[in-house]
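Novice: any chance you can model this:
(chains A and B)
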Amino acid sequence: MRIDDLKREIGTMLSGLGAEVSSRDPNVVEVKVSRERVVEAANKLKEMGMDHVKAVTAIDYPNERFEVVYVTSSYSDPDKSFFLVILRVSLPYDDPRMPSLVGVWQSVLYQEQEEHDLLGVYFEGNPRMGERLLLPENYTGVPPLRKEFNVRMEGIDA
Amino acid sequence: MSSPEEKELELLIGPQHPASGHMRLVARVDGDVVVELRPNIGYVHRSVEKLAEVKKYLQIIPLVERPSLADTTANNLAYVMALEKLLGIEAPERAKYLRTLLAEINRIHSHLYGLGIHGVMIGSSTAYMWCFGDREPFLELAQELTGARLTYSYIVPGGVRRDLPAGFGERAEKVLRYMENRMKDYFDLYFNNPVVRARLEGVGTLSREDAIRLGVTGPNLRASGVAYDVRRADPYAAYPELEFDVITEEAGDSFARVMVRVREIVESMGIIRQVLRKIPEGPILHENYEKLIPPKTREVMKRKGIIKFPSVFANLRVPAGEAISRVEGGRGEVVFHIVSDGKPSPYRMRMVTPSFRNVILFEHLTKGARVADIPAIYGSLDYFPPEADR
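Specialist: Below is the predicted model:
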């Protein structure tokens, strides 16, 4: 299977969802989709054989937007396991909420919780929202992975 | 004990236990049957992802190694591969073979570590002592190659830090032959032991569908019959030129997970032999960087087989963009996602380690199991707490 075929296949599957599909060599297909349509898009990708999520990354662009990136691939279809399909959602900075994809891919359960814990992105529908994963239970303040959180230099700032 | 609510009670396991390390398990039990078990990770969190944003690219190499002390090469390699994708360079052939060599030595001693800990968890301290003892020759080999015992920092953008020492092949062969003979003892004492079998067979069974659905990785995935190995799915380093099998087992129980790791040790020894036979001559650092070293230093360097870094490495600037890399480590797939904005530090670095992806199995496999099975299942997952926290 060649990457252009996969890109075309994803393009047809996701037509009507307003998704932007692009690809880069050698094996990455990128899908940009709005948060309203992300669950539908994820379901379509799962139907195509993208059966698990390798990484959930949230990226903080201060006062501009949050980006949440799901890196998916296939275990069950050996032809597709070479490829990484990236699902990218852009969220407004003052309202970083999106529907959770835990109903589509159960493998995101802990990863979404971690991004919630450390970046303050809220995934609606994930049963672990509001629970701490890595931070202390009584932690208050800026989520530590946000850009406004400064790492203190021992002996200089603290 | 009349009403159903009163029948269940909460049992806390950890966070400090000789067999579990820094791991706290919160179990709800009914009698000795586990109703629900929630792993509580985060006791050894090192905030690697945040620290990476204030460190320079080369300083991050030792940083990403720390979380996973038993399997540092996989993290080192995955991180450097993501950098190389952004830089648009590829290591020379000889460096690729050396990377493979270290990765396989590391896989063997990481598996032996896992088997040893598993032994102590189900009460076989002999297995623990044997595995840890036999891990030593492999650590010695890695030390001879890299100069460090556990945190090798051997792989750098564009190549590796040192060349193969003279006479390495013969010493490696001795170690491999020793381990091959030793394998029979392991089966006699441990794997074919009726007690061990009774504790592991049919315990914590993970079906193929569940393994895929939960996004499990590494030997735990392959023990459920999914033939997925990054070394074959998305080949890197020298793996495309080497022959090896992707080890799978069908049963999906604790014993199958242990067996996959044991068989992978044998497979890795085969890979080490091939690497030592096939390794080509040539440079060990990409020419772009090598030509930045002053000619005299370069001569001394070539003679000694040790790289002295050109100063450009200290302030290595990586073009803006995104890169995702994956590597098959001892415990499974390591994924790095680096977002660069062209500055000397990454804008965002995401590091997903195999243990973090496997942590979901604690919940899944222990449901309905006996309390006594918890250590047997835990051990068979080859779970490494600091690696899940990062």
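
Novice: for chain A, what is the nearest residue in chain B?
Specialist: Nearest residue of chain B to chain A: residue B:215, at 2.6 Å (C-beta to the nearest C-beta). For every residue, glycine as well, the C-beta is placed using N, CA and C.

Novice: dump the residue contacts of the closest residue to chain B within chain A.
Specialist: Here the residue of chain A nearest chain B is residue A:107; by C-beta to the nearest C-beta that distance is 2.6 Å. Each residue near residue A:107 by C-beta atoms under 8 Å, 6 or more residues apart in numbering or on different chains is listed here: A:52-53, B:213-215, B:357, B:360.

Novice: so it sits in a helix?
Specialist: Yes: assessed with DSSP: H, G, I helix; E, B strand; the rest coil, residue A:107 lies in a helix.

Novice: and it, how far from residue B:306?
Specialist: 43 Å (C-beta to C-beta, to the nearest Å).

Novice: next secondary structure after the helix or strand harbouring residue B:139?
Specialist: Secondary structure assignment for residue B:139, by DSSP states H and E: helix B:125-146. The first helix or strand that comes after helix B:125-146 along the chain, using DSSP H and E, is strand B:155-156.

Novice: which residues touch whatever helix or strand comes next after that next one?
Specialist: Per DSSP H and E, the first helix or strand lying C-terminal to strand B:155-156 is strand B:159-160. Under the contact criterion C-beta under 8 Å, 6+ apart, strand B:159-160 has outside partners B:91-92, B:95, B:98-99, B:102, B:154, B:283-286, B:289, B:307.

Novice: strand B:159-160 - what's its average pLDDT?
Specialist: Strand B:159-160 comes out with an average pLDDT of 88.

Novice: do stretch B:29-36 as well
Specialist: 89.

Novice: just stretch A:48-60 next, same as before
Specialist: The pLDDT scores in stretch A:48-60 average 90.

Novice: try stretch A:76-88
Specialist: If you average the pLDDT values across stretch A:76-88, you get 89.

Novice: may I have the distance across it, first residue to last?
Specialist: 23 Å (C-alpha to C-alpha, to the nearest Å).

Novice: now do stretch A:14-27
Specialist: 19 Å.

Novice: report the buried residues of that stretch.
Specialist: Residues of stretch A:14-27 classed as buried by neighbour count (16 or more other C-beta atoms under 10 Å in any protein chain shown): A:14, A:19, A:21, A:23, A:27.

Novice: quick check: closest non-adjacent residue to the residue of chain A closest to chain B.
Specialist: Using C-beta to C-beta, 6 or more residues apart in numbering or on different chains and skipping residues adjacent in sequence, the residue nearest residue A:107 is residue B:215, 2.6 Å away.

Novice: show me the contacts for the one you found.
Specialist: Here residue B:215 is in contact with A:52-54, A:105-108, B:357, B:360 (C-beta under 8 Å, 6+ apart).

Novice: again with residue B:284
Specialist: B:92, B:94-95, B:98, B:159-160, B:162-163, B:305, B:307.

Novice: in PyMOL, select just the buried ones from these.
Specialist: Buried residues within the contacts of residue B:284, by 16+ other C-beta under 10 Å, are selected in PyMOL with:
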select buried, chain B and resi 92+94+95+98+159+160+162+163+307
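
Novice: can you give me the strands for chain B?
Specialist: With DSSP state E as the criterion, chain B has strands at B:8-13, B:16-17, B:21-22, B:24-30, B:33-40, B:155-156, B:159-160, B:321-328, B:333-340, B:348-352.
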